[in-house]
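Q: can't give you the sequence, but here's the structure:
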Ligand SMILES: Nc1ncnc2c1ncn2[C@@H]1O[C@H](COP(=O)(O)OP(=O)(O)OP(=O)(O)O)[C@@H](O)[C@H]1O
């Protein structure tokens with residue numbers, strides 16, 4: 001699967017982002033930039049502000065101050081559907097699919113924003129609406145094949161193994177034809193083979209589609225293997241930005257996030273192993 005020829009991933013620039021909830025500062029003057037076509041991880045201990053940041057980027061929360069720009073467009077203040085229409089798609093920490101619907105129908109819901117035929121034309125199944133539906137179903141099949149869930153298109157999502165459901169969720173986000181993907185803990189709760197399968201798909205998404213990806217992930221091995229750049233938050237503040245290897249060696253990060261020398265060492269090993277894999 002490839003991106004449309006005119007596809008260009010825009011820069012996502014977060015500047016001075018601050019979010020306050022009645023007396024609590026969840027994000028405090030945070031800056032980072034997701035370079036077009038790169039994979040950028042947002043990490044930090046529990047309560048560091050990662051979900052709050054995702055919620056601002058997708059329009060669920062309003063920023064108290066600061067700016068989020070996608071290319072030349074300011075996103076702060078826009079409602080979620082407008083942000084989605086600009087090409088920002090999101091997956092959730094907990095699976096947010098309709099379990100009784102088939103994989104195909106869940107993915108068709110993901111195409112809703114791109115549907116041109118009106119409600120009446122669809123309801124009456126007029127020829128133009130039927131043609132459009134065929135076109136969307138063909139694209140859904142292509143995306144399902146790309147993320148490795150094609151064999152499950154006819155199955156109710158709720159009956160699929162957890163790791164497959166997470167890939168269906170990714171497929172649904174891709175059905176929006178996004179320019180930026182926000183992935184909230186894409187491998188949380190997965191076993192090792194499921195993690196490897198998801199990592200392989202995410203690498204393909206970046207390599208073949210050129211979509212910019214912002215990823216919240218607690219699994220440091222995944223971050224070390226996948227991310228081009230990492231931003232570390234602690235108590236709502238950015239404490240470091242850099243390559244996975246450089247942030248893992250940053251004493252502020254070790255203090256804030258990794259806690260013990262032991263976990264820092266294990267994540268360094270993961271970074272070294274990832275580099276070896278890339279060079280193999
Ligand atoms: N809607 C809200 N109202 C009040 N406080 C909130 C709200 N959302 C988040 N917070 C607070 O903001 C801070 C940051 O929370 P957030 O969920 O963004 O952290 P996180 O890094 O995503 O944590 P985790 O890894 O546990 O998901 C926390 O202290 C949290 O209690």
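A: Perfect, thanks for sending it. None of these values were measured; they are calculated from a predicted model.

Q: State whether residue 218 is indeed within a helix.
A: No. The assignment for residue 218 (DSSP: H, G, I helix; E, B strand; the rest coil) gives coil, which keeps it out of a helix.

Q: Could you double-check that it sits in contact with residue 187?
A: No. Counting by CB atoms under 8 Å, residue 218 sits too far from residue 187 to count as a contact (9.0 Å). Every residue, glycine included, has its C-beta placed from N, CA and C.

Q: Compare these two and say which is more crowded by neighbours.
A: Ranked by neighbour count (other CB atoms under 10 Å), residue 218 and residue 187 place residue 187 first, with 24 against 15.

Q: That one looks like it's in a strand, true?
A: No. Read with three-state DSSP, residue 187 is coil and lies in no strand.

Q: residues from the stretch 51-200 of the chain in reach of the ligand?
A: The stretch 51-200 of the chain comes close to the ligand at residues 51-52, as judged by CB under 6 Å from any ligand atom.

Q: Could you list the low-pLDDT ranges of the stretch 51-200 of the chain?
A: Across the stretch 51-200 of the chain, the ranges flagged by pLDDT under 70 are 113-129.

Q: and the helix or strand where residue 214 lies, anywhere near the ligand?
A: Element membership for residue 214 (DSSP states H and E) is strand 212-216. No. Strand 212-216 does not reach the ligand (CB under 6 Å from any ligand atom); its nearest approach is 6.9 Å.

Q: Contacts for that strand next, please.
A: 9-12, 34-43, 50-51, 54, 57, 93, 179-186, 202, 205-206, 223, 226-227 (CB atoms under 8 Å, 6 or more residues apart in numbering).

Q: by contact count, what packs against the next helix or strand after that strand?
A: Tracing the chain C-terminally past strand 212-216 and defining elements by DSSP H and E, one meets helix 220-226 next. Judged by 3 or more CB pairs under 8 Å, 6 or more residues apart in numbering; DSSP states H and E, the packing partners of helix 220-226 are strand 39-43, helix 192-204, helix 244-249, helix 261-279.

Q: The following helix or strand past helix 220-226 - contacts with which helices or strands?
A: Counting by DSSP H and E, the next helix or strand C-terminal to helix 220-226 is strand 229-234. With contacts defined as 3+ CB pairs under 8 Å, 6+ apart, strand 229-234 has these neighbours: strand 24-34, strand 39-43, strand 237-242, helix 244-249.

Q: Comparing those, which comes out most buried?
A: Highest mean neighbour count among the helices and strands packed on strand 229-234 (mean count of other CB atoms under 10 Å): strand 39-43, with a mean of 24.

Q: That one and the ligand, any residue contact?
A: No. Using CB under 6 Å from any ligand atom, we find that strand 39-43 stays clear of the ligand, coming within 8.4 Å at best.

Q: What pairs with that strand, parallel or antiparallel?
A: If you go by DSSP bridges, strand 39-43 pairs up with strand 212-216 (parallel), strand 229-234 (parallel).

Q: How far does that strand sit from its chain's centre?
A: 9 Å (CA atoms, centre = their mean, to the nearest Å).

Q: Report the inter-axis angle for the helix or strand containing residue 52 versus strand 229-234.
A: Using DSSP H and E, residue 52 maps to helix 50-57. Angle of helix 50-57 versus strand 229-234, following axes from the mean of the first three to the mean of the last three CA atoms, to 10 degrees, is 110 degrees.

Q: Tell me how this protein divides into domains.
A: 10-87+178-280, 98-177 (automatic domain parsing).

Q: rewinding a little: ranking the helices and strands packed on strand 229-234 by mean pLDDT, which is last?
A: Of all those, helix 244-249 carries the lowest average pLDDT, namely a mean of 90.

Q: What are the buried residues along the next helix or strand along the chain from that one?
A: As assigned by DSSP H and E, the chain's next helix or strand after helix 244-249 is helix 251-253. Neighbour-count burial for helix 251-253, counted by 16 or more other CB atoms under 10 Å, picks out residue 253.

Q: got the contact list for helix 251-253?
A: By CB under 8 Å, 6+ apart, the list of residues contacting helix 251-253 from outside reads 232, 239-240, 247.
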